[in-house]
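S.K.: Show me how the following folds:
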Amino acid sequence: MTRARDFASLSSIGSSQINTLISLSASGGGSGVTVVADITARDALSPSNGDIVYVTDANGSSVPAAYMRSGSTWEEIYLGPNEGPSFTTALNASYTLATDGSATVLTPVATDNDGFPITYSFDTTGLGNIASIAQGTGGNTNRFTITPSTNTAHAGTFTFRAIANDGVNVATSTASLTLQFAYTLDYLVVGGGGGASSGGGGGGAVLYRTGVSTSAGTVWTATIGAGGSGGAYNTTNATVGSSSTFASDDGSFATVTAGGGGYGGSTDNSSQFHGGNGAASTIASATSAIGSGGGGGAGDGRTTNGGTGGTLNGSASGYAGGGNGGNTGSPYYAAGGAGAGAAGSNATGSYGGAGGTGVSNSITGSAVTYGGGGGGASHLSGTPGSGGSGGGGNGVNGTGQAGTANTGGGGGGSVSSNVGGAGGSGVVIIRVPTASYTGTTTGSPTVTTDGSYKVITFTSNGTYTA
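M.R.: So this is what the prediction gives:
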């Protein structure tokens, strides 16, 4: 086999190669290399076992060939380049290891185009304590048994490389193997804030839960609610903020819906002078949750009321927007939209009502307030209401201020033909242990680190795969 391997390394036959064949033949028991013109001349010889014949025209077209005598036959010696081994059954690109310690068995298969035997081996990168690996013996050396750890501290990913060696060249097949245990995550879902007209828009619902179990491979989908659009004096209506949702693909988790804030009422509007109601929210279990806020009533020649807060799981939850307090004479003053933490204020005297405050949450590692209500507008000579903490827009004696993006804050009110502020968009935030974080996301969320946790903030639609 050693001589055959040396023959296979020859790419063409010249004087030096013939000398090599002579030497190899002599060392293997043959009498050397005989050069003949064609196959007929080869067959006329009286060879001994191990003799080598070099035929200058083996096929009638001046193509040379070399043969070794083996018993009663001539065996052709390959004179071309060594092509090396290749995998006919390669490894998959990735594998997920069982968390109960059950083994994963890999059986890559390689062949050598020249017919030489394959020796299998392997190496790894980043294995650590993730798993142990045993290679088969005898006729099963291409069988690799990978037994994962059951210790959650050993979770991780490593690279396994199977190596096939034909004695000269090697081929490799590589796979990524991951051991990922079930873990818990926390989430925050905030709906979009309501748009304002004269009255301020309501803040979006703020829903929070900790300790939600997730399994490896579960895809969590975040859908971000847009803020409602602003309306103008007796021309266009403001709109309710859109709901944000959070859902999984494994059927074990009921979709969470954070309703959008109610719209602000419009002055001199025939039908929408009251504040709009907040949209409904649902969450199966919560650490803390508050429904969306109602919008503030318009400054108007009629008595206006604030919209009611959005329901949570079918029951009253969110705060109501303020009204104009029965102040129906000119100048007019509008009310503030409700926040997630307080009702919107009524308009009083020469002041527009302030937006209700939002609620604080520290899922990111720092306290941030969400879901503030928008402030109500005032007549040109009055003082407009300020927006509630948590992104609520200020009322303005002009064009209303928009709610802050990704806080669910309601828009601030406006006067005359100016447009009220749009509501701030919602947000979905997930918090997972850094040791369990997979890094597999869509939608380009912002990922930050807080101690031993990763915080994944979705300001637009996207997914995280556990």
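
S.K.: and residue 364, what does it touch?
M.R.: 429, 431, 448, 450, 455, 457 (C-beta atoms under 8 Å, 6 or more residues apart in numbering). Every residue, glycine included, has its C-beta placed from N, CA and C.

S.K.: Which of the three states applies to the third one?
M.R.: On the three-state scheme (DSSP: H, G, I helix; E, B strand; the rest coil), residue 448 is labelled strand.

S.K.: Ok, the last one next?
M.R.: Here residue 457 is strand, with the state taken from three-state DSSP.

S.K.: I'd guessed it sits against residue 427; true?
M.R.: Yes: because the distance of 6.7 Å satisfies C-beta atoms under 8 Å, residue 457 is recorded as touching residue 427.

S.K.: picking that back up, of the contacts of residue 364, closest to residue 47?
M.R.: Nearest to residue 47 among those: residue 448, at 79.1 Å, using C-beta to C-beta.

S.K.: what's around the closest one, how many residues?
M.R.: By other C-beta atoms under 10 Å, the residues close to residue 448 number 12.

S.K.: Also residue 113?
M.R.: Residue 113: 12 surrounding residues under other C-beta under 10 Å.

S.K.: Okay, strands next: where are they in the stretch 101-250 of the chain?
M.R.: 104-106, 109-112, 119-125, 131-135, 144-148, 156-165, 170-179, 183-190, 206-214, 219-223, 244-248 (DSSP state E, counting those that start in this stretch).

S.K.: what packs against the last one?
M.R.: Read that as strand 244-248. Counting contacts by 3 or more C-beta pairs under 8 Å, 6 or more residues apart in numbering; DSSP states H and E, strand 244-248 is packed against strand 183-190, strand 219-223, strand 256-258, strand 427-433.

S.K.: Next, residue 464: secondary structure please.
M.R.: Under three-state DSSP, residue 464 falls in the strand class.

S.K.: Would you mind measuring from it to residue 182?
M.R.: According to C-beta to C-beta, to the nearest Å, residue 464 stands 15 Å off from residue 182.

S.K.: So for the two, which sits in the more crowded spot?
M.R.: residue 464 (27 against 13).

S.K.: can you pull the contacts of that one?
M.R.: Contacts for residue 464 (C-beta under 8 Å, 6+ apart) come out as 219, 220, 222, 430, 432, 438, 440, 441, 445, 456.

S.K.: same thing but at 7 Å, please
M.R.: 220, 430, 441, 456 (C-beta atoms under 7 Å, 6 or more residues apart in numbering).

S.K.: Can you report how many residues lie near the second one?
M.R.: I take that to be residue 430. 26.

S.K.: The third one now?
M.R.: Residues near residue 441, counting by other C-beta under 10 Å, number 18.

S.K.: give me the element it is part of.
M.R.: strand 440-442 (DSSP states H and E).

S.K.: Please say which of residue 457 and residue 427 ends up with more neighbours.
M.R.: The residue with more neighbours, out of residue 457 and residue 427, is residue 427; 28 against 19, by other C-beta under 10 Å.

S.K.: what's near enough to touch the more buried one?
M.R.: When contacts are counted by C-beta under 7 Å, 6+ apart, residue 427 touches 190, 224, 406, 457, 458, 459.

S.K.: are any of the residues you listed buried, and which?
M.R.: 190, 224, 406, 457, 458, 459 (16 or more other C-beta atoms under 10 Å).

S.K.: from memory the second one sits against residue 445, does it?
M.R.: It refers to residue 224. No: in terms of C-beta atoms under 7 Å, residue 224 does not count as a neighbour of residue 445; the distance is 10.3 Å.

S.K.: shared neighbours, the two?
M.R.: Any residue near both residue 224 and residue 445 by C-beta under 7 Å, 6+ apart counts here, and that gives residue 458.

S.K.: ok, back up a step: packed most tightly, which of the helices and strands packed on strand 244-248 would that be?
M.R.: The highest mean neighbour count among the helices and strands packed on strand 244-248, using mean count of other C-beta atoms under 10 Å, belongs to strand 256-258: a mean of 30.

S.K.: Tell me how this protein divides into domains.
M.R.: Per the record, the chain has its domains at 2-77, 85-179, 182-466, by automatic domain parsing.
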